[in-house]
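Asker: below: sequence and its predicted model.
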Amino acid sequence: MRSTCQILRLKHSPAVTTKKNVAALRRESYTVDFIKKQIEEFNIGKRHLANMMGEDPETFTQEDIDRAITYLFPSGLFEKRARPIMKHPEEIFPKQRAIQWGEDGRPFHFLFYTGKQSYYSLMHEAYGKVLHVEERQDQLRAKGLFSEKPKTKDPIGSRWLIKEELEEMLVEKLSDQDYAQFIRLLERLSALPCDAAEEEFVGRFRRTVTVQSKKHLIEPLQYDEQGMAFSTGRGKRKTANAEAVVHGHGSGKIEINGVDYLLYFPVTQDREQLMFPFHFLDRLGKHDVTCTVSGGGRSSQAGAIRLAVARALCSFITEDEVEWMRQAGLLTTDPRVRERKKPGQEGARRKFTWKKR
Amino acid sequence: MLKGMTRLVSRVHKLDPGRFLHSGTQAPQCLVAHLDNQVPTESPRAISRTLENDPAKHGEQHVGQHYNISIQELKTVFPHGLPPRFVMQVKTFNEACLMVRKPALELLHYLKNTNFAHPAVRYVLYGEKGTGKTLSLCHIIHFCAKQDWLILHIPDAHLWVKNCRDLLQSTYNKQRFDQPLEASVWLKNFKTANERFLSQIKVQDKYVWNKRESTEKGSPLAEVVEQGIMRVRNATDAVGIVLKELKRQSSLGIFRLLVAVDGVNALWGRTTLKREDKSLIAPEELALIYNLRKMVKNDWQGGAIVLTVSQTGSLFKPRKAYLPQELLGKEGFDTLDPFIPILVSNYNPKEFEACIQYYLENSWLQHEKEEGKKELLFLSNRNPGLLERLCAYL
């Protein structure tokens, strides 16, 4: 427990100096021994934590650690990065470069004096592979065994590394032109017929991209006693919660908390919000809705019902239409909530009147 | 849809709004007779107009259709009493067209079959906000005016219980209060509406206004009205006298009396008027309201009483209240009991179509599109008042 506290405390202690020193703004360099000690302490702390939670220390993964920390130190902070974390020191302390030269002052790497040694060595390696593949192709063509294989690459599903990720990998600053050059070279390499080793090399620089809409589960239609199809959906907006039941084959009637929508929302703007999902899918007079809503004000209740209705309608329509609705913003919960008032200010953003004297 | 638009364009060119003003029923003949003849073939498009301008002849087949009232008739029959938005619409379109609807037809049927020997029957039009109660009342009044009844029309009883600048202590009865302005305005409009009757009806009592002026027994009612209009201080008493005389004499059978009050729930609600010592005044203490209450009781024969309850101008009533029980309160309900309630509801699909057609014909709606109609249907939920407001913005 003490070591975990230590880790956390060490993580949170900034380099505070009483005098404003330019030297303090320089990035703190951690020695290799320091990092090693941190790793040891982390492992010991992990075992302690596993003991505390009553789990097996041998099979205690990072997800278990995260769960345990959120349980032991519950935090209501909105910023996820400000909450207490316990991760491997590799992820916490920024990667630093070991000393690049020996005792005699002679650098280890042959490209040290280019300034960006890892970048140029990577380019060198990649270009070497390109030349190798082309040489192999020439050999095959000379032997006559060359066959034009069409290159199958999955267009969606993976993307190249972005510049920040590459910088992080190489622990070196890059310029935009360097990055563009590198990507061009990799594209060229991937366009040629490569074998497994080269594919693996290229794969190191690609990341997968998840398709957004596939995350959303579409519930199947339910059928009530008369055999009519209906579907439910829930929606939230600010502090309003709504639950809507959409029936197929209706006449465009909407009932909210037992009251007709014309009486519940006398303002046209709210009724337009209700109309949006139906109008978008061109199904204005075709469905009946019964819904309950509580909390919030007039506008947030309208927004909550709109979201609930859109989610319920997903069961009635095709996949493409669901994707269009998602792109129109009908299926996303609006994350805006009321910002808290801060001390020293009159409101969330408004400051007190500034008086010159 | 394009062919629909081209047809509309040609129709709009044929329509000349000025013609309605002068030739009344004849102008739309070329066009509307065309429409009427084409009844069987034009079934998908609702017919929005009818040539039948006499409310007495309106029947089931005219439901959903608009009939025209000429501007002169409008001035004589409705000096006051039309809702302000309708007046604006009349001015814009240069014609006054009312839609024939089921509740009004029902009432007309009852009125046609009234037995004038029995005490006056009370009919109460009720419904949610914007469903057309006031305009149905105006339809009834137009019918009665055509049938030569005497119309006693109070356009909005709520105006008499709020926002009164000058309250005088009544000369007749010290406990009550006078409202000279409202009374004189009403007397002026009453005179315009019922000119021909005022000279026929004779007063049956002597009324002394002050030391110098008095009205002798047997003089025409017009004198009382004139007195009220000229001497604003006595206007409220003049109104009281008019009401009393009319009630007494309608039982004799000389004329038939229609008492039409819009917003009758004001008579039994609360007022926002205060005395000089800031204490609230109850409705009974206002002379106008007191006399009107006597009018609305069914202890006289020879006419009918048509009332409307509305939440729109009412004081201290929740927005969603529309039933007579809620709006009249216990006292009012007991006083008005027994009455015939008539519900006025939103348009049915046919009436909605007809209303849209009417707006299109008057070029109030520019383009006819199916999606637009569906949107309007959804947003207004077929409520006439809301539809009118929405179309005003489009």
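Answerer: Here it is on my side, so go on.
Asker: residues from the stretch 51-200 of chain B in reach of chain A?
Answerer: Within the stretch 51-200 of chain B, the positions near chain A by Cβ under 8 Å from any Cβ of the partner chain are residue B:128. C-beta coordinates here come from the backbone N, C-alpha and C atoms, glycine included.
Asker: what about the helices in the stretch 51-200 of chain B?
Answerer: B:71-77, B:84-93, B:102-112, B:133-146, B:180-193, B:195-200 (DSSP state H, counting those that start in this stretch).
Asker: strands of the stretch 101-250 of chain B, residue ranges please.
Answerer: B:121-126, B:150-154, B:168-169, B:177-178, B:207-208, B:214-215 (DSSP state E, counting those that start in this stretch).
Asker: up against chain B, what does chain A have?
Answerer: Taking Cβ under 8 Å from any Cβ as the contact definition, chain A meets chain B at A:252, A:259-263, A:266, A:268, A:271-272, A:275, A:278-279, A:282, A:284-285.
Asker: pLDDT of stretch A:158-166, averaged?
Answerer: Mean pLDDT, computed over stretch A:158-166, is 89.
Asker: could you do stretch B:229-242 as well?
Answerer: Computed over stretch B:229-242, the average pLDDT equals 87.
Asker: which helix runs longest in the chain?
Answerer: Just going to use chain A. helix A:117-143 (DSSP state H).
Asker: my bad, the chain I had in mind was chain B
Answerer: helix B:235-250.
Asker: buried sites along that one?
Answerer: Of all the residues in helix B:235-250, those buried under the rule 16 or more other Cβ atoms under 10 Å in any protein chain shown are B:235-247, B:249-250.
Asker: nearest spatial neighbour of residue A:346, skipping sequence neighbours?
Answerer: Once flanking residues are discounted, residue A:346 sits nearest to residue A:352: 5.4 Å by Cβ to Cβ, 6 or more residues apart in numbering or on different chains.
Asker: does residue B:294 touch residue B:247 like I think?
Answerer: Yes. Using Cβ atoms under 8 Å, residue B:294 is in contact with residue B:247, at 7.3 Å.
Asker: right, and the helix or strand after the longest helix of chain A?
Answerer: Downstream of helix A:117-143, the next assigned helix or strand under DSSP states H and E is strand A:158-160.
Asker: which residues does that next one contact?
Answerer: Strand A:158-160 is contacted by residues A:183, A:186, A:205, A:206, A:207, A:208, A:209 when judged by Cβ atoms under 8 Å, 6 or more residues apart in numbering or on different chains.
Asker: let's see 7 Å
Answerer: Strand A:158-160 is touched from outside by A:183, A:205, A:206, A:207, A:208, A:209, with contacts defined as Cβ atoms under 7 Å, 6 or more residues apart in numbering or on different chains.
Asker: how about stretch A:56-65?
Answerer: For stretch A:56-65, contacts defined as Cβ under 7 Å, 6+ apart pick out A:46, A:47, A:49, A:50, A:51, A:55, A:86.
Asker: report the buried members of these.
Answerer: Buried by 16+ other Cβ under 10 Å: A:46, A:49, A:50, A:86, out of those.
Asker: for those residues, which one is nearest chain B?
Answerer: Using Cβ to the nearest Cβ, residue A:86 is the member of the buried ones among the contacts of stretch A:56-65 that sits closest to chain B, with 54.1 Å.
Asker: pLDDT score for that closest one?
Answerer: 92.
Asker: same question, residue A:115
Answerer: Listed pLDDT for residue A:115 reads 88.
Asker: residue of the stretch 1-150 of chain A with the smallest distance to chain B?
Answerer: Closest point on the stretch 1-150 of chain A to chain B, by Cβ to the nearest Cβ, is residue A:78, at 37.3 Å.
Asker: count the neighbours of that residue for me.
Answerer: Neighbours of residue A:78 under the rule other Cβ atoms under 10 Å in any protein chain shown: 10.
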